[in-house]
Structures are given as structure tokens and as C-alpha cells.
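Student: Mind folding the following:
(2 chains)
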Amino acid sequence: MSTNATEHQGALNGIRVCDFCGQLAGAGATRTLAALGAQVIRIEDPTNDGSWDILRGAPPFVDERRGPELGGAFNNHNVGKLGVSIDLRDERGRDVVRQLIAVSDVVTENFAAGVLARHGFSYDDLVAIKSDIVYVSNCGFGHTGPYRDYRTWGPIVQACSGLTATSGLPDQPPAGWGYSYMDHMGAGMMSVAILAALVHRDETGEGQWVDMSCVEAGAALLGPDLLNVTVNDERSAIPGTFDSNRSRRRVMAPHGIYSANGDDEWVAIACRDDADWQALGDAVGEPLSTDERFRRADDRVVLQDDLDAEVSAWTRDRNQHAVVAELTRRGVPCSIVARPRDRIDEHPATFERGLFPVVDHPEMGKVRVDGLPMHLDRTDWSIDAPAPLLGQHNDSVLGDVLGMTASEIGTLRSDGVIG
Amino acid sequence: MITESGSRTGPLAGLVVVELASELGAFGGKLLADLGADVVLVEPPGGHPSREIGPLAGGVHESSELRERSLWWWHYNTSKQGVVLDLNDVVGADAFRSLVGDADIVLEAEQRARLGELGLDHSDLRDLAPRVVWVSVTPYGRDRPESDLPYTDLTMMAGAGPVWNCGYDDPHLPPVRPSDDQALQMAGVAAVTGALAAIVHRGRDGIGQHIDVSVFDAVNVLTESGTFVWNVAGQTVRRQTGRHAAVQPTMQTQVLASDENWVTTGFPPRKRHELENLIGWMRELGLDEEFEEFFFLEMGVERGGVRSAEIPDDVVATNIFGASRDAMTLLASRLGAYEFFRGAQDHGIAVGLIYRPDQVLDDPHLVARGFPVEVAHDLVDTSVVYPGAPYRFTLTPWSVSRAPHLGEHQSRLGGT
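Tutor: Numbers count the residues shown, from 1 in each chain, chains lettered A, B, ... in the order given. The predicted structure follows:
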């Protein structure tokens, strides 16, 4: 089909997704499906320049131009999707969507709970249209429970799930994540949910609704910490009383992030055992290497403040890459704290595995985007099309997928039902 | 609270997975197992070393061995069946081949050369098991020499991006790695995504494939704005206290509530209805009189709210926005964290409270949804509460049972 900008020999060829997702927590899931070969048809609202998804027109930008087709994050999160703009307030618009759902395998959304149902697309409505539909909703607190109407975005999800408080340094507030980790991981878990539901449907012919709460998905990433509470009845450490750069559960020390020579340059060093400690000691030399206080692993953990001061004194005046080269040669786990340039432009593994493919966007030009962190040897992923412009595929989707005539589509457009 | 059910009901019921015990693969195997797949976890004689990762369970029966007490093991190996095999000897290798022959998915995170040296890699067993989807998880990919270098979660998170984004406004404080082995969990999600996509594809043509997952790559593509700000605008973000790393500094969002718990205020209210709600909430609490900038909030309603784009050039809009932020900070400092969270959200203002892990499982919403799940254990006298479903499958529920003891399901191996 000529309409499918994403068509390649992907694992999910033949799967069609009717996608109401926006932002990253939802859009990130369907972008993965598109990269794996699914046909993802993203529904947008033609009014207000498509600002239904606030990332349209939001920074970063490639240059000084601004507008709904120039949002860099939007492009990143929607590569490989087809875009249609349909006014859901209009009954004829809802009818177009019903036709689309009738030929789709999956419906996805990450509105606040109840929003899609109020547009006329509750799960019961979806089943009436397509009996084996897979419907996956993803919102902060899920579609049931006392907080179901509460709104969230990444930092709120991370706060409420415990992921923010577990990151930080002594005598400081919680450090949190510095980005919307749970938008990514929520999207990842949503992909897993969609695929598992598809596997079940392929096996049994049964569709279903999967109600995902991003806060629950986040809390589920703290397993051993939570079990330590429920099994051992231990209270969790209060923010400001621990250093999350240290190894909190395993006997590893030194284990930290140390200042290197240069502006805001840092190295991470982790000694897993006595052999690593010996190797680090050999690199640093005396007196640290023969300091009796640090000979036993348990003592190193107890005396970590002193130990960190010694290690810092060694790294402080050294180039970060020199430290990493020296310790790597000796078999000690270590890394620079990579800036974006270091890990995207300058790491050979990134380049050779094609981790950041380039798409050619009609307004933004050539832009690098996130790839997928795996390769499939028969049906690998591929990202070669940018995010759709607002309503870019209205004609092709309504025509080729739904079989409407040009004059039917023209009427919908002139009546403002589609953008 | 939902109680564990004996039979597997999840969406992946019927799928057979052979997993070689590992740190990097364990989470992917758990995701599959909790979704109903029949996961056979293969350990070496004496048990996999990850059985020693702390914290350890206290209060277990005296007879239980140390290697049965790792809470890391308990969590990451739920719902799996355990067998012991020595892949280095002929009998063990044959038993492994036999397991693979009956499997839908193989999941392993061995040193990248090891299985090839044993003649047990995916390419060696392809003829035996052409339908198998074989997932390899390695630090940098099967094709990369860096995969042979030592690493830990700390060095991976530093090298692949998250640490650069996390930390504090004070540039002299080191950047921060968040807790709880997140790198291996990112890799686990990638492994399962690839595996299930390949299973869907196998449903079309009957043939499996090999999936090569890189932990470094998994972390590297999950760093949001740090990445796309660089890729799109060529700019480097800088870490800030408890909020998004950014090119231009942004305002503080975390406030210590009156009960010494932290909250995050997020974007202050700025739309008309949000400002109306904020005004109403402050009046209910009697804070309108003492808040000196209150009239700015009313001005904000009169002008129909403010837009982010109006700041900082429009002085009035900037004052309204500042007053809104100050109002949220005042409210947070006067209320307990939970009271602030519920109050703001009940007034349509999106904020969060910064829970410690020990507070999460007591949250009334999560309790009402049945997120804390009781799991039966035989080493302790009571059941144990685990984190529950990350997704609610309404027809084929997610479920969880305890991790296997060493060699508990050896009978799965038939003759051996």
C-alpha cells in the first residue's frame, strides 16, 4: 500500500494500530510498534494547530522558526506513523474513526481516564465496532480507583511511584531523574502490554482492554526495595540521608562518581570485589594501595567517606578519559559521565549499531532520532519516515484504507470534519 | 488485596520460555512469567550468583539456606520454574538442547562467546529449533567488543546518559545515579518487546529469529530531553535539582511540606480555570488574606489565563505566573504532603507527592486498585506482599508466584 510510509519487512507487518496517543508515555509505545513494522495511524484534532498534543510546536527546534510542524520532540516520538486529523466533536468525524477502528487490530490512548469514552469510544463502544479489538489505555493512575481523574506527567509519576525519592545525595533534597524516565518506561511497558495482548488474540481470537497506570508501572521498578519493606519491615531511607551513587545493597566500595579535571567532568568507578580494589590501588599507588584501613571490603563500605576522599584526590587532576583508560586496562568497572555528545556522536557502539537513525522531515530537514536498542536478525526494525505533518495522510488513509472516494473526502474536508 | 492464583491465566499462557539465569536477563524473564508464560529458569550447579544479592530476607525459617534468601532473587525471578543444569558437561548440554527444542523463546545474557564455545548458541541450535525466538542480552550487543569489559549499573548509567541529567543546581555536587538497577530493567523491557514482536511474526511464517539486545543502547535511547535537545538543537542540557535538566535554568519545583515529606509542584496553574480553582482552594483554607500576591491570581482570571509564551516579555503575565508559583509553594509548605497532593489534584491542579518506597504500598489509591499483592512463600510463616501488576489485563490477568528454590522443578527435565 502506497500510504504506508513505514512499510518495510518488519515483525509486525499486517498489524494496524488506531492510535490516539500523544506526548511520550503513549506515543513512545506506538513509535516502537511502527519501527517494528506495524501501520500506526495517529489520530489528531485538526483544531488549534493540533495542540491536542502539546509537543507539536514545543521546543527543541532546529532553528529560529516556530510552529506546529517544527517541534523536535514531537518528531522524535512519532516517527514512522501516519497522521490523520479528525474532529471528534462532529458525528461524521466519529464515524470516520469508527470505520478506522473496524479495520484495526489495536486502539491505543493515553488521555486522562474517561476522556476517550466521553468522545464515544469506551471499551464497550470499541468492542461493538470490532469484537476482538485490543485496547490499551495508559494514564498516570489508571482508569479505576480514587485518583482516576488526577492528571500527571512524567515527574509526577516518578514522584508518586517512589522513583524520585530513591535518587539523591546526603543533605540534599531528592534528585529525581532530570527527565521523564517514566514516560519512556511507561511507553515501554505499554508496548509489552500491546504485544502480549496481540499474542493472546492471535492464539485465541480474544481481544481485551489493558488498563495501565504509569504510577503502578513505576512502583513495579522498585521491587527489592519494596520487598525489603514488606519482608523485613524496614523503613525506606529518607531523602537526604543516603547517597544513591553508592551501592546500597551489595558490598561494593569505592562506588561513586568522582570529579575529574575539566569543567563539569566526572568519572564513575565501581569496585565489585577485592580484585577490583587491588587493581584500583595499583593504579593509584601508595599510600592508598597499602592502606590497612581499606583492606577488607566490609571496612571499605563503612569508611566510604574517607575512601571517596582518597579516590577523588586521585581523579581530580586527571582527564576523565585517561582515568577510564587506566582503570579499564586493569579491569575495574568505570565510565565517564557521558554528555549527549559523548554517547550519541562519539561512542563507536552507538554509530556501528545505528542507534540514532536520521529521518528527513519536510519542514525540519534531516534530524537524528532515537532508534531501538535491539536488532532482530530476520525482521529488524527500521525508522525511515519522520513524524506526520498535521493531517498529512488524510487522503491516503481515508481513501486507501477506508475506501472513500475523493469527493467524499473533499466534502469532509470542506465541512471541517477533517483537517 | 488480590491473592495469587495457582493456575497461569495471563495473556502468554502456553508460551514456553527457557531462561539461563543472569542479572541482565532476569527482569525480561519475570515480565514474561508474570504474564503467564511457562518460564523454565536454568541455573548452574550450586545456584546462580544473583541468589546472593542483597537485601536478604530476615525472619525466614532457620533451615533455609542463604541462597534462598535474596530479595533480589525473590523479585526478579517470580513466577518461574527452576532447574539446575551444567552446560559444561554432556548430559547438561543435552538436557539444554532438549529444553530449547520444546521452547518458544530462549532468553540468555551469557558472556557473548560462551554459548558458541559450548556449541549451544542460537546458530548451533537453529536446525534443532527453527521456531525459537532467541534473545541475547549483553552490555553493548553481541557484536561489540565492549561487551567483554566489566561494568556495573553505576558505570552503565553514567556512560549511557541518565547520570548526566540527574543531580542538583549546584554544579560542584556530583551528578546522581538513581537507584534500583534501572539499566537492567530498561534492557528487560527491550528484550521482551523484541521477543513478543518476533512471536507475533512467527505466527505468520512459523520461523523464529535471533534478537540481539544491548543494555547500553537500551539506556541510551531512554534519556528523553537530554537526547532530543542535542539531536535537534545541538545543545547540551544541564542538571537541576529534582526537575528536568535543561539548557536554560528553570524554577524550583520541589517543596518540603509541613510534615517533612517532599512534594513536586510541577508547572504552576496558568490557565483561567486552573487559576480559578487555585483561588477557590486558597479561600477554602483561609490563605487568601495573607498571600500578598493574591490579586495577581485574580488578575490572571480576568485576562483569561496566561500562556507560557508570554513569559518573560509580558510583565503582567510574568507576575501572574510568579504569583501562581508562590501560591503553590505557600500551600505546599502549610499542608502535609498528602493533604497538598489530594487538595491540589481535587482542585484540578496536577502535582505529585514524593513517596519513599515504604509509603508507596500504603497509598489508598494503589491499595484500592489491588496493587500490593500477597504471594505465598514456604520459607516464611505468612504470605509476602509484592508489588503488583504494572498493567491490568482485564480478560487474562497478570499474576505472580514466588521465585523457585534451587532445583525445585528438576522433574521438568524428564529423564535426568
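
Student: Show me which residues of the stretch 1-150 of chain B sit near chain A.
Tutor: Within the stretch 1-150 of chain B, the positions near chain A by Cβ under 8 Å from any Cβ of the partner chain are B:10-15, B:31, B:35, B:53-55, B:57-59, B:71-72, B:74-76, B:140-141, B:143-144, B:146, B:149-150. C-beta here means a position set from N, CA and C on the backbone, and glycine is covered the same way.

Student: Could you check the pLDDT of A:Gln9?
Tutor: pLDDT for A:Gln9: 81.

Student: count of residues packed around the closest residue to it other than its chain neighbours?
Tutor: Of all residues not flanking A:Gln9 in the chain, A:Thr379 sits nearest, at 5.7 Å (Cβ to Cβ, 6 or more residues apart in numbering or on different chains). Residues within reach of A:Thr379, counting by other Cβ atoms under 10 Å in any protein chain shown, total 22.

Student: Tell me the pLDDT of A:Thr379.
Tutor: So, for A:Thr379, pLDDT stands at 97.

Student: Looks like it contacts A:Ala11 (just checking).
Tutor: Yes: counting by Cβ atoms under 8 Å, A:Thr379 does reach A:Ala11; the two are 4.2 Å apart.

Student: any residues in contact with both of the two?
Tutor: Taking Cβ atoms under 8 Å, 6 or more residues apart in numbering or on different chains as the contact rule, the neighbours common to A:Thr379 and A:Ala11 are A:Leu36, A:Gly37, B:Ala198, B:His201.

Student: Could you rank those residues by neighbour count and give me the top one?
Tutor: That'd be A:Leu36 among these, by other Cβ under 10 Å, with 31 neighbours.

Student: A:Gly10 versus that residue, what's the distance?
Tutor: 5 Å (Cβ to Cβ, to the nearest Å).

Student: swap in A:Gly28?
Tutor: Distance from A:Gly28 to A:Gly10, by Cβ to Cβ: 17 Å.

Student: which of the two has more neighbours?
Tutor: A:Gly28 (28 against 24).

Student: Return the set of buried residues in the host helix or strand of A:Val367.
Tutor: Using DSSP states H and E, A:Val367 maps to strand A:365-368. Going by neighbour count (16 or more other Cβ atoms under 10 Å in any protein chain shown), the buried part of strand A:365-368 is A:Val367, A:Arg368.

Student: And stretch B:179-186, by the same measure?
Tutor: Under the neighbour-count rule (16+ other Cβ under 10 Å), stretch B:179-186 has B:Ser179, B:Asp180, B:Asp181, B:Gln182, B:Ala183, B:Leu184, B:Gln185, B:Met186 buried.

Student: does B:Val213 sit in a helix, a strand or a coil?
Tutor: strand (DSSP: H, G, I helix; E, B strand; the rest coil).

Student: A:Met374 is in contact with that one, correct?
Tutor: Yes: under the contact definition of Cβ under 8 Å, B:Val213 touches A:Met374, with a separation of 4.3 Å.

Student: The two: which is more packed in?
Tutor: B:Val213 (31 against 26).

Student: any shared contact partners between A:Leu36 and A:Gly10?
Tutor: Common neighbours of A:Leu36 and A:Gly10 (Cβ under 8 Å, 6+ apart) are A:Thr379, A:Trp381.

Student: what's the closest of the shared contacts of A:Thr379 and A:Ala11 to B:Gln252?
Tutor: A:Leu36 (40.3 Å; Cβ to Cβ).

Student: residues contacting that closest one?
Tutor: A:Leu36 neighbours (Cβ under 8 Å, 6+ apart): A:Gly10, A:Ala11, A:Leu12, A:Leu372, A:Thr379, A:Trp381, B:Thr193, B:Ala197.

Student: who touches the fifth one in this structure?
Tutor: Taking Cβ under 8 Å, 6+ apart as the criterion, A:Thr379 is in contact with A:Gln9, A:Gly10, A:Ala11, A:Asn13, A:Leu36, A:Gly37, B:Ala198, B:His201, B:Gln209.
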